[in-house]
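# Build me a structure from this.
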Amino acid sequence: MHEMSIMEGVLALAGNEAGKHGYQKITRIKLRIGEFRGVVREALEFAFDAMKGDTAAKDAVLEIETVAIRLECPNCKRDRIHSGRFESSLPRMRISS
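I've put the predicted structure just below:
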């Protein structure tokens, strides 16, 4: 379950940033995660609840936005949001940023 190590890094980063700006309390952490990154949302939420206890984020809310994958045609340069299933009509589409 790599979500624990991800959340460990998120909480450390948030705590460091809060400290740099003189904040002692974190009220909200917002994450944007690509849908094909292999992160299980429920596991990340569990890790957050389990690890935030003695941190500046102990009373914080976690907001997770799932970002859809965008595909680009290398021929016509058109892009589109992936529908969630692989389509044989798009064999040459590639992931764009």
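# Could you find the closest non-adjacent residue to residue 7?
Nearest non-adjacent residue to residue 7, counting by C-beta to C-beta, 6 or more residues apart in numbering: residue 47, 3.8 Å away. The C-beta positions use only the backbone N, C-alpha and C, and glycine is treated the same way.
# try residue 44
Among residues not flanking residue 44 along the chain, residue 3 sits closest, at 4.5 Å (C-beta to C-beta, 6+ apart).
# OK, contacts around the one you found?
Neighbour list for residue 3: 39-40, 43-44, 46-47 [criterion: C-beta atoms under 8 Å, 6 or more residues apart in numbering].
# try 7 Å
Residue 3 makes contact with 39-40, 43-44, 47 under the criterion C-beta atoms under 7 Å, 6 or more residues apart in numbering.
# What of residue 18?
Applying C-beta under 7 Å, 6+ apart to residue 18 gives the contacts 26, 56.
# Pretty sure it sits in a helix.
Yes - secondary structure of residue 18 (DSSP: H, G, I helix; E, B strand; the rest coil): part of a helix.
# and the residue positioned nearest the centre of the chain, what are its phi and psi?
Residue closest to the average C-alpha location in the chain (C-alpha atoms, centre = their mean): residue 33, at 2.5 Å. Phi and psi for residue 33, reported as degrees, to the nearest 10, are phi -130, psi 130.
# Could you look up the SS state of the closest residue to it other than its chain neighbours?
Nearest residue to residue 33 in three dimensions, chain neighbours excluded: residue 39, at 5.2 Å (C-beta to C-beta, 6+ apart). Classification of residue 39 using three-state DSSP returns coil.
# Surely residue 39 is in contact with residue 31?
No - Residue 39 lies out of contact with residue 31 (C-beta atoms under 7 Å); the separation is 9.0 Å.
# what's the neighbour count on the residue nearest to residue 33?
Residue 39: 16 surrounding residues under other C-beta atoms under 10 Å.
# where does it sit relative to residue 55, distance-wise?
Distance, residue 39 to residue 55, by C-beta to C-beta, to the nearest Å: 20 Å.
# picking up where we left off before, selecting buried members of the contacts of residue 3 in ChimeraX, what would you type?
In ChimeraX, a selection of the buried entries from those looks like this (16 or more other C-beta atoms under 10 Å):
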select :39,44,47
